[in-house]
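S.K.: Provided below are the primary sequence and the corresponding predicted coordinates.
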Amino acid sequence: MLPENATPSAIVKYLNQYVIGQEEAKRVLAVAVYAHYRKLTAAGETVRLDKSNVLIIGPTGTGKTLLCETLSRFLQVPFVTTDATSLAQTKYVGEEIEAILLRLLEKAGGDTERAGRGIVFIDEIDKLKARPGEAARVQATSGESVQHALLKIMEGYPVRLPDNRSIDTSGILFICGGAFVGLEQIMEKSHSFGYIGTGEDDNQNILDRLNSRVKPTDLFEFGLIPEFTGRLPVVARFQDLSKAMLVRVMTEPKNSLYNQFRLLLQSEGVELQIEPAVFQQIAEIAFEYKTGARSLRGIFEELLTPVLYAVPDHKEVKKVVIKSLFEDPSYYK
């Protein structure tokens, strides 16, 4: 079921090639997926191994979807992503859930057994929370009904599809993600662990871990129903990306934006060189947008548009150097 030598540490090593930062979240997810797929082969007749689906909490643009997609690529399992908001906006939640499984089946090449070992990432799960106020009552009810509808497939049971095939969701790993704006304030009120009688060197570390851990009651207060939270026992927290991390996102991963545009220009026989100061400037702008890494591609596209426009008509150009975001590129023969 798992690729050979797919230990948690090997999973993290692979993730590090494509995803910058979020070290703690990587370790949590690596252990979670390793344990999930081990359970599928270790299930016995006398002991039932319950599923441990995952909840990812973190700001927008911090790499939640990318991390899940990269995990599925390493594990060689089909992967689909959907938004919880689309589920909440339909009158027929059951049909939308069927559509998710049909997409997973398509990614699995029509193989129901392989689809039953895939990963489903449901983003913006925090949008299903109940909101105070009369105007939000309909939406809150809708969000709660979607949570109830997701319970069965997340726990695991055979789902019959419109074409009369069925997928057993027991082996599907469900990962839910969201920004959970306001959760920190709830945690600040509920987390107040005091002195623990251990060695002095350990005290602060233990307290920090306890106080940073998201408790089920925090999620209840936020607006997730207890039954739904119970299906997500593993919680991974993502951190905001600093300016330095945004620079690394642009330059270090195998499929970084810089590498992508270098490859694109290489196909024209042109070398692209972007000076370090440019990445700093882009990071400054992206940081102000407060959308994490999501805004980086748009800034890059704007930066490279003049180059991509000019190069195809000037075959004599062999190198392009960009020294500043606010200066024209330099072209060399």
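M.R.: Received it, and whenever you're ready, just let me know what you need. Numbering: from 1, shown residues only.

S.K.: Is it correct that residue 252 is in contact with residue 20?
M.R.: Yes - contact criterion C-beta atoms under 8 Å: residue 252 and residue 20 qualify, at 6.1 Å. Every residue, glycine included, has its C-beta placed from N, CA and C.

S.K.: Tell me which of those two has more neighbours.
M.R.: residue 20 (23 against 16; other C-beta atoms under 10 Å).

S.K.: Am I right that that one is in contact with residue 250?
M.R.: No - assessed by C-beta under 8 Å, residue 20 is found out of contact with residue 250, at 9.2 Å.

S.K.: what's the span of stretch 249-269, first residue to last?
M.R.: 25 Å (C-alpha to C-alpha, to the nearest Å).

S.K.: Give me the buried stretch members for that stretch, please.
M.R.: 249-250, 252-253, 256-258, 261, 265, 268 (16 or more other C-beta atoms under 10 Å).

S.K.: and what of stretch 25-42?
M.R.: 25-34, 36-37, 39-40.

S.K.: do the same with stretch 148-157
M.R.: Buried, per 16+ other C-beta under 10 Å, within stretch 148-157: 150, 153-156.

S.K.: Report the secondary structure state of residue 320.
M.R.: strand (DSSP: H, G, I helix; E, B strand; the rest coil).

S.K.: what sits against it?
M.R.: Contacts for residue 320 (C-beta atoms under 8 Å, 6 or more residues apart in numbering) come out as 265, 270-273, 307, 311, 329-332.

S.K.: From those residues, list the buried ones, please.
M.R.: Listed as buried from those are 265, 270, 272, 307, 311, 329, 331; burial here means 16+ other C-beta under 10 Å.

S.K.: from the buried residues of stretch 148-157, which single one is nearest residue 4?
M.R.: Set against residue 4, the nearest of the buried residues of stretch 148-157 by C-beta to C-beta is residue 156 (26.3 Å).

S.K.: Look up how far residue 84 lies from that closest one.
M.R.: Using C-beta to C-beta, to the nearest Å, one gets 20 Å for the distance from residue 156 to residue 84.

S.K.: Then residue 4?
M.R.: In terms of C-beta to C-beta, residue 4 sits 35 Å off from residue 84.

S.K.: Looking at the two now, which is surrounded by more residues?
M.R.: residue 84 (22 against 5).

S.K.: Show the contacting residues for the more buried one.
M.R.: 122-128, 146, 176, 178.

S.K.: Ranking by neighbours, what's the top pick from those residues?
M.R.: For the contacts of residue 84, the largest neighbour count, defined by other C-beta under 10 Å, is 29 neighbours, found at residue 125.

S.K.: Three-state assignment for the residue nearest to it when sequence neighbours are not counted, please.
M.R.: Once flanking residues are discounted, residue 125 sits nearest to residue 176: 4.0 Å by C-beta to C-beta, 6 or more residues apart in numbering. Of the three states, residue 176 takes strand under three-state DSSP.

S.K.: Would you agree residue 176 is in contact with residue 122?
M.R.: Yes - between residue 176 and residue 122 there is a contact at 4.8 Å, judged by C-beta under 8 Å.

S.K.: what separates residue 38 from residue 52, distance-wise?
M.R.: Taking C-beta to C-beta, one finds residue 38 at 11 Å from residue 52.

S.K.: just the strands in the protein please.
M.R.: Taking DSSP state E, the strands of the chain run over residues 54-57, 79-83, 119-123, 158-160, 166-168, 173-178, 234-237, 271-274, 319-322, 330-332.

S.K.: want to throw those strands into CSV with mean pLDDT?
M.R.: Compiled in CSV, the strands of the chain are given as follows (pLDDT from 0 to 100):
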stretch, mean pLDDT
strand 54-57, 96
strand 79-83, 95
strand 119-123, 96
strand 158-160, 89
strand 166-168, 91
strand 173-178, 96
strand 234-237, 94
strand 271-274, 97
strand 319-322, 97
strand 330-332, 95
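
S.K.: In CSV: these, plus distance to residue 10.
M.R.: Below are the strands of the chain laid out as CSV (distance: least, C-beta to C-beta, whole Å):
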stretch, distance to residue 10
strand 54-57, 19
strand 79-83, 19
strand 119-123, 17
strand 158-160, 32
strand 166-168, 28
strand 173-178, 18
strand 234-237, 18
strand 271-274, 32
strand 319-322, 37
strand 330-332, 43
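
S.K.: So what touches stretch 325-333?
M.R.: 278, 281-282, 285, 303, 306-307, 310, 314, 316-323.

S.K.: can you list the weak-confidence ranges in the chain?
M.R.: 1, 43-47, 90-92, 130-141, 191-212 (pLDDT under 70).
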